[in-house]
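Undergrad: Please work out how this folds:
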Amino acid sequence: MPYSETFKDHLAHPRNAGELANANAVAEQTNPVCGDRLRLSLRLRDGRIEAARFLAYGCPPTLACGSVIAEMIEGMKIEDAMKLSRKEIADALGGLPTRKHHAAALAIHTLRSAIEECSR
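TA: Numbering: from 1, shown residues only. Just a heads-up that it's a prediction; the model follows:
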């Protein structure tokens, strides 16, 4: 399966890359199989994700998934963000090859981890 134009655009022009000043929810997860890492920094306020930034280390799909999830969740209600699925992340990129769905799963796990950590 060839990568979509949306995927290529996120890869060439990542959205919300970098660290987030005044983040109150941060998580970094690693895929133990391939070693890809994703870090999400969020600013949560009044039940919403006010701002999101990411750092990705690994394969191009991990970078694209970090970019698309950071873009998708800004302004989203926390409860809605917790319901996002890896399929929604892959679909937002115009699809991913089956063997690359681990990147979307890493994005979802990192998002949930950041939100849960802030709730403790």
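Undergrad: longest helix of this structure?
TA: Counting residues, the longest helix found in the chain (DSSP state H) is helix 101-119.
Undergrad: So for it, mean pLDDT?
TA: Taken as a whole, helix 101-119 has an average pLDDT of 92.
Undergrad: so what secondary structure elements neighbour it?
TA: If you count contacts as 3 or more C-beta pairs under 8 Å, 6 or more residues apart in numbering; DSSP states H and E, helix 101-119 packs onto strand 25-30, strand 37-45, helix 60-73, helix 78-81, helix 86-92. (Each C-beta comes from the backbone N, C-alpha and C, glycine too.)
Undergrad: for the closest residue to Ile69 other than its chain neighbours, what are its contacts?
TA: Counting by C-beta to C-beta, 6 or more residues apart in numbering, the nearest residue to Ile69 once its immediate chain neighbours are dropped is Ala107, at 4.4 Å. The contact partners of Ala107, taken as C-beta atoms under 8 Å, 6 or more residues apart in numbering, are Leu38, Thr62, Cys65, Gly66, Val68, Ile69, Arg86, Ile89.
Undergrad: Before I go, just wanted to say thanks for your time.
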